[in-house]
Every structure is written in C-alpha cells, then in structure tokens.
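In: Sequence and predicted structure, then a few things I'm wondering about:
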Amino acid sequence: MKTLLKIQSSLAGSQGQSSVLADQFVDRWVSRNPDGQVLVRDLSREVVPHLTAERFAAFLAKPDTRTAEQLRIVAESDTLIDELRAADTIVLAVPMYNFSVPSTLRSYFDHIARAGVTFRYSAAGAEGLLKDKEAYVFVSRGGVYSGAVDTQTPYLRQFLGFIGITKVKFIHAEGLGMGQDNREKSLNNAAREIAAIFESEAIAA
C-alpha cells in the first residue's frame, strides 16, 4: 500500500491557495491509488515549536541519558520523522511569506533534520537517509518571483536533498495578488501542470 504525506504550512490551513492546489494533486493521487493512505500534517493547527537550545540539546543527548522532558521532545521529533519514513510521496503546500517560507515550516524542518537519523556525515560529506521518495511542492505567491529573486525554491530543494529526497517537482502559482486575470491564469496553469503530471509516467500506481 502506497502512502502520501501532505504537509501544509499556510496560516489559512486547508483554505490557503497552496493547500488547495496540493489537494488537487492529492485527489488525483487517491484516484490513481484507491487503496493508498493519505497522512496530513497541518502546521497551522499542529504548530511545531521553534528550535531552542534545550530542544537541540535533547536531540544531541545520548538516549540513555535523556531526561523525561528530553524524551518527550525527541518523541515529538520522532513522530514527524516516522511520518516521512512511511511516505512514498510527499506533498508540500508552501505560501510565500515575506520572501521566504512560513516560519512554521522552518520549525518543522528544524525538527526533522537530525544527525544520524535523517542525515549523516561521512568523509565524503553529508548523506541524506530518507531515500527512494518523491516530493511535489506547491508554492503560492502574491507577486512574481521566479528567477533571481526566488529564495524559496533553491532553499526547499537544498533542504529536501540534504535529507535524501532528491526527486522533487515544483509547481508555482504566482501573481495571485496582481489582479483577477493574473490570478485565474496562474491557477489554471498550475492545474494544467498537475494534470500533466498524472498524464505522464511520473506517478506510478
């Protein structure tokens, strides 16, 4: 049975435009995989705390020396990582806030990037440990930022690759705040991209 994990980070939850686009993808995936499992992690409702020195120390502590509080913190992180491990396909819904990704998503990343768990260092450098997965990233923006001023796409690609997820497809919906015509055109283009993904061999049942 295949498993899809959808991670949405819009303040508007399922009503955010990036989440709506991601749901279009998920609906098609479910049609292709009727016996598949869909997991949802809504970072606007299940907020992951910002990384602190205390939380980071819990990750670094040896398992047999962790305090009860450290064990609780690590268990929260383990739950997030277990969801990723279980997923064959990962869908990220990411709006642009102040030229970057939402801070809730950054906090989530801080809790899944753990040395020896999702990546490791060797003489050859860093190696991601969450392999054999594919990711689809839906990015919504009020303006148009593709190109030199796009800070989101390189960051997300680098982070996902760092933990081993190198097969990544981005679908951008830009100019959503630049008038109704631009909004409709961008959303229609994104919808066509989603349809094209499933019409190709990119998604295997």
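Out: On my side now, so go ahead. Residues are numbered from 1 along each chain as shown.
In: Where do the strands of the protein begin and end?
Out: Applying DSSP state E to the chain gives strands spanning 3-8, 37-42, 89-95, 119-122, 125-128, 134-140, 167-173.
In: number of nearby residues for the residue nearest to residue 128 when sequence neighbours are not counted?
Out: Leaving aside its sequence neighbours, residue 128 sits nearest to residue 164 (Cβ to Cβ, 6 or more residues apart in numbering; 2.6 Å). Bear in mind the C-beta positions are built from the backbone N, C-alpha and C, glycine included. Residues contacting residue 164 under the criterion other Cβ atoms under 10 Å number 17.
In: show me the contacts for residue 164.
Out: The contact partners of residue 164, taken as Cβ atoms under 8 Å, 6 or more residues apart in numbering, are 118, 119, 127, 128, 129, 130, 131, 133.
In: please redo it, this time with the cut-off set to 10 Å
Out: Under the criterion of Cβ atoms under 10 Å, 6 or more residues apart in numbering, the neighbours of residue 164 are 84, 118, 119, 126, 127, 128, 129, 130, 131, 132, 133.
In: cool, and residue 96?
Out: Applying Cβ under 10 Å, 6+ apart, the residues contacting residue 96 are 18, 102, 139-143, 145, 150-152, 172, 174, 176.
In: Can you lay out the contacts of residue 164 as CSV showing neighbour count and distance to residue 184?
Out: Shown next, in CSV, are these (neighbours: other Cβ atoms under 10 Å; distance: Cβ to Cβ, whole Å):
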residue, neighbour count, distance to residue 184
84, 19, 34
118, 20, 39
119, 17, 41
126, 13, 42
127, 13, 44
128, 18, 38
129, 15, 42
130, 20, 37
131, 11, 39
132, 9, 38
133, 20, 33
